[in-house]
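> sequence-free structure coming up:
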């Protein structure tokens, strides 16, 4: 799911400069990314509780979680700015940041499977 979110973010944002409508769809993808983060956090909590992951792995997850919580509002703010402009560089920044978060989150989902 995360990999498909990253692909959706990339494809949708790439067309965002020419047409503003696709960025609206990306807003939904960003909401999906936040929902997936919450779901992954629950899985990681359960995995630690059930000893499916080590405390060291969980500590690494916490580091990523803090990074996600700092970066996600920035990505949303950039998306909001990009949705009202034709700034290709801004759209590219949103693509990069959203993809990085989505792919890192996807790696954590793989960690517990």
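Structure's in. What do you need? Predicted model, so just to flag it, every value in this text is computed and none were measured. Numbering: from 1, shown residues only.
> I'd like the average pLDDT over the helix or strand harbouring residue 37.
Secondary structure assignment for residue 37, by DSSP states H and E: helix 21-49. Helix 21-49 shows a mean pLDDT of 84.
> by contact count, what packs against it?
Counting contacts by 3 or more C-beta pairs under 8 Å, 6 or more residues apart in numbering; DSSP states H and E, helix 21-49 is packed against helix 2-14, helix 55-82, helix 88-111. For glycine as for every other residue, the C-beta is placed from the backbone atoms N, C-alpha and C.
> Which positions within it qualify as buried?
22-23, 26, 29-30, 32-34, 36-37, 40-41, 43-44, 47-48 (16 or more other C-beta atoms under 10 Å).
> For residue 109, state which of the residues you listed is nearest.
Residue 109 has its nearest neighbour among the buried residues of helix 21-49 in residue 40, at 5.7 Å by C-beta to C-beta.
> which residues sit in contact with that closest one?
Going by C-beta atoms under 8 Å, 6 or more residues apart in numbering, residue 40 touches 105, 108, 109.
> how about 6 Å then?
For residue 40, the contact set (C-beta atoms under 6 Å, 6 or more residues apart in numbering) comprises 108, 109.
> roughly how far apart are it and residue 85?
Here residue 40 is placed at a distance of 32 Å from residue 85 (C-beta to C-beta, to the nearest Å).
> Also residue 78?
If you measure residue 78 against residue 85 using C-beta to C-beta, the figure is 11 Å.
> ok, now residue 37?
27 Å.
> Likewise for residue 50?
Separation of residue 50 from residue 85 (C-beta to C-beta): 47 Å.
> So what's the residue count around residue 98?
For residue 98, the number of neighbouring residues by other C-beta atoms under 10 Å comes to 27.
> Would you mind confirming that it makes contact with residue 75?
Yes - using C-beta atoms under 6 Å, residue 98 is in contact with residue 75, at 5.2 Å.
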